[in-house]
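**Student:** here is a sequence with its predicted model. Questions after.
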Amino acid sequence: MIGNDIVDIQLAHIQSNWQRRGWMQKIYTPKEQNLILKSTNPEREVWILWTMKEATYKAHQRRFGLQPKYNPKSFECDTIQKRVIIDDFEYEINTSITNEYIYSVAFLSNINYTSEVFTGKYEAKKRVKELLNHKSVKALQIHMDKDTNGIPILKNNHTKIDIPFSLTHHGKFSAFAILQ
Amino acid sequence: MTQEELLSKLKTIITPYVQNEKALGELNEETDFIKDLEINSANLVDVALDVEDEFDIEIDNEAMEKMLTVGASVSIIEQKLAEK
């Protein structure tokens, strides 16, 4: 299973005030709050941890078909081991950081995935559709659909099996991650 | 406080975070903050904090978990007000 999440740093700076009283305490565990406050770039740390939690939430929710829930604090980030723990489950994380965005992918260990970040809100989705239309892929009869929660999914028409896949967009950026 | 008053206060709280103005005009119990109103998920924390300030109640993690729709938020606010 896979999940991804991107944050446009410039937009996040406008949309959220991480220093607002009570804000951090609602999202981050005491250990994570400590990590943020000790960081040389606290705002960047806020969004690194946020994308780790969101990407894991998506992977976990899809893996078990869970109802939507807003519980960011239940996802405990370990930035050294690059993983997130939720209940008794563990996900590995890859985070890419540029001056403009922070992007995390959460996945189960020992899987391979393809992921790409684009400039443009709808670019990632467009690119996935292009890939599906490619001759070699078309033969596999894979199409994009939506699940009951309105989340885009990839379905193999032939085997009727879902292909783990995740889309994200924020501000100027979008990204996809697909299990190989 | 009537449910109508409560709903109107909630609407005022969420308005600054809404990115789909059209859905705001069609607000009902089923309205989903993220899917329908396109509120950025990080801003749901701000909604919870604003609700705390406006109604002078505490939104603990257990309550915040459910605050994804208008209807669920109204029930939580009513419950917390009753506990005061």
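**Tutor:** Received, thanks.

**Student:** for chain A, name the helix or strand with the lowest mean pLDDT.
**Tutor:** For chain A, using mean pLDDT, DSSP states H and E, the weakest element among its helices and strands is helix A:135-138, scoring a mean of 78.

**Student:** and that helix, what does it pack onto?
**Tutor:** With contacts defined as 3 or more C-beta pairs under 8 Å, 6 or more residues apart in numbering or on different chains; DSSP states H and E, helix A:135-138 has no packing partner among the helices and strands. C-betas here are computed from N, CA, C, even on glycine.

**Student:** skip the chain neighbours and tell me the closest residue to residue 35.
**Tutor:** Here I'm looking at chain A. Excluding the flanking residues, the one nearest residue A:35 by C-beta to C-beta, 6 or more residues apart in numbering or on different chains is residue A:45, at 6.2 Å.

**Student:** was after chain B, sorry
**Tutor:** Counting by C-beta to C-beta, 6+ apart, residue B:35 lies nearest to residue A:150, which is 5.6 Å off, once chain neighbours are set aside.

**Student:** surely the residue nearest to residue A:35 and residue A:36 touch.
**Tutor:** Yes - Residue A:45 is within contact range of residue A:36, at 4.6 Å (criterion: C-beta atoms under 8 Å).

**Student:** grab the nearest non-local neighbour of the residue nearest the centre of chain B.
**Tutor:** When chain B is reduced to its mean C-alpha position, the closest residue under C-alpha atoms, centre = their mean turns out to be residue B:73, at 4.7 Å. The shortest distance from residue B:73 to any non-neighbouring residue, by C-beta to C-beta, 6+ apart, is to residue B:67 (4.8 Å).

**Student:** next, count neighbours for the one you found.
**Tutor:** For residue B:67, the number of neighbouring residues by other C-beta atoms under 10 Å in any protein chain shown comes to 21.

**Student:** phi, psi of it?
**Tutor:** In this entry, residue B:67 is assigned phi and psi values of phi -80, psi 60 (degrees, to the nearest 10).

**Student:** so who does it touch?
**Tutor:** Applying C-beta atoms under 8 Å, 6 or more residues apart in numbering or on different chains, one finds that residue B:67 lies in contact with A:70, B:33, B:44, B:47-48, B:51, B:59, B:73, B:76.

**Student:** distance of residue A:75 relative to residue A:121?
**Tutor:** Distance of residue A:75 to residue A:121, computed by C-beta to C-beta, to the nearest Å: 25 Å.

**Student:** out of those two, name the residue with the larger neighbour count.
**Tutor:** Taking residue A:75 and residue A:121 together and counting by other C-beta under 10 Å, residue A:75 has the greater number of neighbours (25 against 15).

**Student:** could you pull up phi and psi at the residue found closest to that one once you drop the neighbours it is linked to in the chain?
**Tutor:** Spatially, and ignoring its direct neighbours in sequence, residue A:75 is nearest to residue A:53 (4.2 Å; C-beta to C-beta, 6+ apart). Its backbone dihedrals place residue A:53 at phi -70, psi -50, with angles given as degrees, to the nearest 10.
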